[in-house]
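Peer 1: have a look; sequence and predicted model below, questions after that.
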Amino acid sequence: MTGQTHRPHLRFGPDQDPGDQDPGASTPYARYVRLAELHALQRPRSTEPAEYSFIVTTQVMELLFDLLHRDWDAARTALRADDLDGALAALRRGQHTQDVLTGSWDLLATMTPAEFSAFRPTLGEASGFQSSAFLLLEFLLGNRSEGLLEMYRDSPAEYDALFAALRTPSLYAEALAVLARRGLEIPARPVTARHHPDPAVEAAWRAVYTDPALADLVPLGEALLDTAERVTRWRQRHYSTVKRTMGGKPGTGGSSGLSWLKHSADQDVFPELWSVRDNL
């Protein structure tokens, strides 16, 4: 298994014109980016103007989730091959994507409760918590729960991708495997298990930051922490946007809304990279 779980995309060979997929497009640019199809995907269900912004922003985020997954998956693959330079390059690309993702909340942050309430009933049971692309990212980070797959039982393609992702080592697990191959003690844990803070893992990172023989691993720790910090920024921005737009009302799709987002924002990703700083 390669660990590749993103959704398939069209691939064009050297003798294939992307325009073959959209013969009615007006220019080569329009054919290449499938412009007509792209601009036909926004279909508001209400007359509230803010709904269009909501749809566009959500669709942009979904595309960025997929792009970020590719970067993190590339970093994971590089770590598996002990290619630290390749992993760092992929993580840096991902950090630029994360910055754009976090900034995307600016498009929704000033939506008033009245504007959101005007179209919220049209969402029905739809909720961002149902995004399989987002859940793939959570699984890649090590935030894993097999129970979350249940909502995809009726969507075989999404279920299979998530099932495979749950059984593939996470990005952090592959980073810790690098440390283990360098002689550091890393406790074994089931690949499907959610990562929890571990004193032994913290001790391994302390050795990385203090042992000159392991200094080449410090950039990896810092790059992972840069990624983790951006995850926290995303979660905090999500929380503050929802708090401003709808307050503490229950979320769509039966989610707990604000309370869940606050709990998520308070959880550190790659926790030992944060806690080790207490003793450096």
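Peer 2: Everything's here; your move.
Peer 1: which residues of the stretch 1-150 of the chain score low on pLDDT?
Peer 2: Confidence mapping of the stretch 1-150 of the chain against pLDDT under 70 gives the ranges 1-25, 128.
Peer 1: please repeat the previous calculation with a cut-off of 50.
Peer 2: Across the stretch 1-150 of the chain, residues meeting the criterion (pLDDT under 50) sit at 1-19.
Peer 1: what ranges does it have for its helices?
Peer 2: Taking DSSP state H, counting those that start in this stretch as the criterion, the stretch 1-150 of the chain contains helices spanning 28-33, 35-39, 49-80, 84-104, 113-119, 132-141.
Peer 1: for the fourth one, which helices and strands make contact with it?
Peer 2: When contacts are defined as 3 or more CB pairs under 8 Å, 6 or more residues apart in numbering; DSSP states H and E, helix 84-104 sits against helix 49-80, helix 218-246. Using the backbone N, CA and C atoms, a C-beta is placed for each residue, glycine as well.
Peer 1: buried sites along the next helix or strand after the last one?
Peer 2: Just to be clear, that refers to helix 218-246. For helix 218-246, the following helix or strand on the C-terminal side (DSSP states H and E) is helix 258-265. Taking 16 or more other CB atoms under 10 Å as the basis for neighbour counts, the residues of helix 258-265 that come out buried are 258, 261, 262, 264, 265.
Peer 1: which residues sit against helix 258-265?
Peer 2: Taking CB atoms under 8 Å, 6 or more residues apart in numbering as the criterion, the residues outside helix 258-265 that touch it are 232, 235, 236, 238, 239, 242, 243, 246, 247, 248, 249, 251.
Peer 1: could you give the mean pLDDT of that helix?
Peer 2: Summarised as a single mean, pLDDT over helix 258-265 is 85.
Peer 1: tilt between that helix and helix 218-246?
Peer 2: Between helix 258-265 and helix 218-246, the angle formed by their directions is 170 degrees, by axes from the mean of the first three to the mean of the last three CA atoms, to 10 degrees.
Peer 1: tilt between helix 258-265 and helix 132-141?
Peer 2: 40 degrees.
Peer 1: could you point out which element follows helix 258-265?
Peer 2: If you walk from helix 258-265 toward the C-terminus, the next helix or strand you reach (DSSP H and E) is helix 271-275.
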